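J.: sequence first, then the predicted structure:
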Amino acid sequence: MSVAPEGGEAEGPGADRRPIAARDSGFARRLTALLLKTPVTPNQISLFSIVFAAIGAAALFWAPRWPLLYLVAIAGIQLRLLCNLLDGMVAVEGGRGSPVGALYNEFPDRIADTLLIVALGYAAGAGWLGWAGALAAALTAYVRVFGGSLGQAQDFRGPMAKQHRMALMSLASLLALGEAMLTTERFVLYLAGWIILIGALLTCATRTRAIVSRLSGAAKP
């Protein structure tokens, strides 16, 4: 796969795919081969990512009351990411792409992100923070896709891209489980919510700056 985050244009059919190291793992390839023996489509896998995100979000929402649900939240987050990995592999490596594949690749991600980040805010006792973080996360995707609409390679850089947000939420859920054993405070989740919000806004800024820098003759901001 080729992505050109620092300038230049990516080429080839996988130019606008998110760079994921796990794509080359034997585990991912075996799962892809297994899925290709079934009639499942990449779009169906994308929709399943919403199901797992919803399970993870519900668990996270109720976890402050029943802390063991933090483990269910982590599982939901990771299974959502697994779906995000496998849908692309089945589509590209398996040759099962469809004309509407790009829509299924984007829309379920926005729904899954919103479910999980909003749930994080409510679990932290600050629903507004979850909604603000979800909006900022959606804006990172908007900036990325907007760059693509200008003929540039879609830019997946961070510091708070999707994989970073989900990794942070998984870690925060694990630490929150430990915190729940010691206190009734929810500082870990609250801090994670702020990191997602600020990090996503910074990501919007870095991606926008990169888009401007690649526009020929663009004036420096």
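T.: Here it is on my side, so go on. Numbers count the residues shown, from 1 in each chain.
J.: any stretches of this protein with poor pLDDT?
T.: In the predicted model, the chain carries pLDDT under 70 at residues 1-17, 19, 21-22, 24, 216-221.
J.: residue boundaries of the helices in it?
T.: 26-35, 42-62, 69-92, 101-123, 127-149, 162-180, 187-214 (DSSP state H).
J.: quick one: buried residues of the last one?
T.: If I follow you right, that is helix 187-214. 188-190, 192-193, 195-197, 199-201, 203-204, 206-208, 210-211, 214 (16 or more other Cβ atoms under 10 Å). In short, each C-beta sits where N, CA and C put it, glycine included.
J.: repeat for the shortest one
T.: Residues of helix 26-35 classed as buried: 28, 31, 32, 35 (neighbour count, 16+ other Cβ under 10 Å).
J.: closest to residue 164 out of those?
T.: Of all the buried residues of helix 26-35, residue 164 sits closest to residue 28, with 19.4 Å by Cβ to Cβ.
J.: test my guess that that closest one contacts residue 84.
T.: No - Residue 28 is not in contact with residue 84 according to Cβ atoms under 8 Å; the separation is 11.4 Å.
J.: circling back: let's have the helices of the chain in JSON lines, adding distance to residue 20.
T.: Output for the helices of the chain, formatted as JSON lines (distance: least, Cβ to Cβ, whole Å):
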{"stretch": "helix 26-35", "distance to residue 20": "9"}
{"stretch": "helix 42-62", "distance to residue 20": "14"}
{"stretch": "helix 69-92", "distance to residue 20": "6"}
{"stretch": "helix 101-123", "distance to residue 20": "13"}
{"stretch": "helix 127-149", "distance to residue 20": "15"}
{"stretch": "helix 162-180", "distance to residue 20": "7"}
{"stretch": "helix 187-214", "distance to residue 20": "17"}
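J.: any idea which residue sits dead centre in this structure?
T.: Using Cα atoms, centre = their mean, the residue of the chain that lies closest to the mean C-alpha position is residue 162, 2.9 Å off.
J.: quick one: contacts for that residue?
T.: 18, 84, 109, 113, 137 (Cβ atoms under 8 Å, 6 or more residues apart in numbering).
J.: highest neighbour count among those residues?
T.: residue 137 (27 neighbours; other Cβ atoms under 10 Å).
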